[in-house]
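Peer 1: Got a sequence here, can you model it:
(one chain, ligands or ions: 1)
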Amino acid sequence: MKLDHRRQTLRPRYAFVTSQFAVAEKETIVVRLEHDGLAGYGEVVCSPLYNQTLEGAEAALDAMPALLGDDPFAIETIVRRLIEHHDAHRDAIAAVDSALYDWVGKRLGVPVWRLLGLDRPRVRTTFTIGIAEPEEIRVKVREALAAGYDALKIKVGGKHDHDTLGHIREHFDGPLILDANQGWTPEEAPARIEALTPYRPALIEQPLRKEDWRHMAELRRLGVAPIFADESCERPADVVRLHGFVDGINIKFNKCGGIREALRMVALARGLGMQIMLGCFVSSSLAIAPALAIATLADYVDLDGALLLADDPFTGIHHDASLLEASTAPGLGVGPRSAEAS
Ligand SMILES: [Mg+2]
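Peer 2: Numbering: from 1, shown residues only. Modelled structure (predicted):
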């Protein structure tokens, strides 16, 4: 099997760029796995939160061909081997896992979701609005609602939370997910969370620092909203550790290493009676496609990472406002927008 990779630059959609939150250009890595005249694709999405860097992922990818063997159908064995040797580079492993599933789906002529025995994903994604000055938030909220998004995720922990949330609840009655991104201490969190009650959060994500996960049990007992772990929950073993302390987990492919590991997390969470959110970082549709393939297994889908781009370099996922629909084409069903990008 041959493995190539190249960087791609992603640009945010103009409408969402203002002086306050001009999102810097973001680079990801497109991985192309070729075998027997057929290519499968994956995307490496690095997050500094998990000490992931483009250079680190590239070095890991350069070392991976020797571990792939000569049978792309042996995904379980290959991913095990990659984890054994490159455990710190789950972002790169996720991209290779994606490329393997894409390759197998294309070879068999079936979409990846079908290969996995799942229904065709037609799911509603939440739309995320970041921390910003109140006036900017109002513009974003207005745009999101005008565009038809019917589930919002708001980052909390800024100075203007109550102003923002009050404004949103004046105009929006639908599901509202609040993500504190580790913003609070165990001491201050109970009061902070109780103060969010009027805004009827559907759930509250990662209120405490990742290492303070034990204290999330106390926050569940407040009864304001289900408490979900994101930064505290990276891999399958974390699901077991967090059982009893949180109501649900946020699975992201660059944290866990792709479809294979995500399915283990889903199985563990379901077995333990925990809820599941499927999340992402800003990326092209290439990284969204493998997550979307298993999105029917999640209670909450937060796969808006490609919706903010000015020109998504990959196409194939149909979306109508918050409704994401997976392709029926073989494999992941996404391909480069321009021929020269392939
Ligand atoms: Mg989060």
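Peer 1: Go through stretch 41-54 and flag the buried ones.
Peer 2: Buried positions in stretch 41-54, judged by neighbour count with 16 or more other CB atoms under 10 Å: 41-46, 50, 52. The C-beta positions use only the backbone N, C-alpha and C, and glycine is treated the same way.
Peer 1: Next, give me the two most distant ones among those residues.
Peer 2: Y41 and Y50 (22.4 Å; CB to CB).
Peer 1: any low-confidence regions in the stretch 201-342 of the chain?
Peer 2: 339-342 (pLDDT under 70).
Peer 1: Tell me which stretches of it form helices.
Peer 2: Under the criterion DSSP state H, counting those that start in this stretch, the stretch 201-342 of the chain contains helices at 216-220, 236-242, 253-256, 259-271, 285-293.
Peer 1: if I look at the residue nearest to H243 when sequence neighbours are not counted, how far off is the ion?
Peer 2: In space, and not counting its chain neighbours, H243 is closest to L272: 4.5 Å by CB to CB, 6 or more residues apart in numbering. As defined by CB to the ion, to the nearest Å, L272 lies at a distance of 20 Å from the ion.
Peer 1: Compute the distance between the residue positioned nearest the centre of the chain and G166, please.
Peer 2: For the chain, C280 is the residue whose C-alpha lies nearest the centre (CA atoms, centre = their mean; 1.6 Å). Going from C280 to G166 by CB to CB, to the nearest Å gives 28 Å.
Peer 1: Kindly report the same for E55.
Peer 2: Counting by CB to CB - E55 and G166 are separated by 44 Å.
Peer 1: higher neighbour count, the two?
Peer 2: G166 (13 against 8; other CB atoms under 10 Å).
Peer 1: tally of neighbours for the closest residue to the ion within the stretch 151-300 of the chain?
Peer 2: Residue nearest to the ion within the stretch 151-300 of the chain: D230 (3.6 Å; CB to the ion). By the criterion of other CB under 10 Å, D230 has 24 neighbours.
Peer 1: May I ask you to confirm that it is in contact with N250?
Peer 2: Yes - with contacts counted by CB atoms under 8 Å, D230 reaches N250, the gap being 3.9 Å.
Peer 1: Identify the contacts common to those two.
Peer 2: Common contacts of D230 and N250, defined by CB atoms under 8 Å, 6 or more residues apart in numbering, comprise 205-206, 277, 279.
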